[in-house]
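Novice: With the sequence up front, the predicted model follows.
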Amino acid sequence: MSTSDQELRDRRLVFYKNDLGRIDRVLQELLRLSNASSVLLVDKEGHMITRAGKEPSFDLDTISALVAGSFSATREMARLLGEQQFSALFHQGERDNIQLSLVGDRTILTVIFDDSTTLGMVRLYCTEAVRKLESVFADMMRGRREGNGAEGRAEMAELDRLKSSARDTLDALFDGN
């Protein structure tokens, strides 16, 4: 495998069931400790990965895209100021507030909360959640480099079995059997 192939695999976000379970536990803990209403994990392309908390009244795809766009615009502001990037953003509204925190270099932790909690509490618990999520992502990358672990291998074996079954069905169909 060439270096460019490995780099492409490393950049792709692929989550197995076990990975999402670990991520969801971190989000649930953040939700409980911070008293936020919703917590989302969004990739930098604007796709929601997973979420915890109350079902929001807004469209999740739209907020995910806007979160990514906000971080992208802020990255350019940071660059103009001589910073590599800003790792956290805060948007305050009359009723609701949003705290955005960069997790690694590919995802954004989004916490939506109202005045029943404080920004200080949210930031404190976000910092800890970011650290935990970065640890989960590091474990995922190690597992990917080591062959995706047992769960990844099982999913790949199942995919190979399904491909083989589909190929056999198509062969039988076109052979007239």
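Specialist: Perfect, I can see it now.
Novice: Past the helix or strand bottoming out on mean pLDDT in the chain, which element shows up next along the chain?
Specialist: Every helix and strand in the chain was compared by mean pLDDT, DSSP states H and E; the lowest is helix 3-11, with a mean of 50. Next helix or strand after helix 3-11 toward the C-terminus (DSSP states H and E): helix 17-34.
Novice: average pLDDT across the next helix or strand after that next one?
Specialist: Later in the chain than helix 17-34, the nearest helix or strand by DSSP H and E is strand 38-43. Regarding strand 38-43, the rounded mean pLDDT is 95.
Novice: The host helix or strand of Gly120 versus helix 17-34: what angle between them?
Specialist: Assigned by DSSP H and E, Gly120 falls within helix 119-145. Using axes from the mean of the first three to the mean of the last three Cα atoms, to 10 degrees, the inter-axis angle of helix 119-145 relative to helix 17-34 is 170 degrees.
Novice: who does helix 119-145 touch, helix- and strand-wise?
Specialist: helix 3-11, helix 17-34, strand 88-92, strand 97-103, strand 107-113, helix 149-175 (3 or more Cβ pairs under 8 Å, 6 or more residues apart in numbering; DSSP states H and E). No exception for glycine: its C-beta is placed from N, CA and C like everyone else's.
Novice: mind redoing it with 7 Å?
Specialist: helix 17-34, strand 97-103, strand 107-113 (3 or more Cβ pairs under 7 Å, 6 or more residues apart in numbering; DSSP states H and E).
Novice: May I see the ones you listed arranged in CSV, with distance to Ala68 as well?
Specialist: Listed next are the helices and strands packed on helix 119-145 as CSV, based on distance: least, Cβ to Cβ, whole Å:
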stretch, distance to Ala68
helix 17-34, 18
strand 97-103, 10
strand 107-113, 7
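Novice: Out of the ones you listed, which is closest to Leu133?
Specialist: Nearest of the helices and strands packed on helix 119-145 to Leu133, taken as Cβ to Cβ: strand 97-103 at 4.7 Å.
Novice: Nearest spatial neighbour of Asp19, chain-adjacent residues omitted?
Specialist: Excluding the flanking residues, the one nearest Asp19 by Cβ to Cβ, 6 or more residues apart in numbering is Met140, at 5.4 Å.
Novice: Hmm, Asn18 and that neighbour touching each other?
Specialist: No. If you go by Cβ atoms under 7 Å, Met140 and Asn18 don't touch, sitting 9.3 Å apart.
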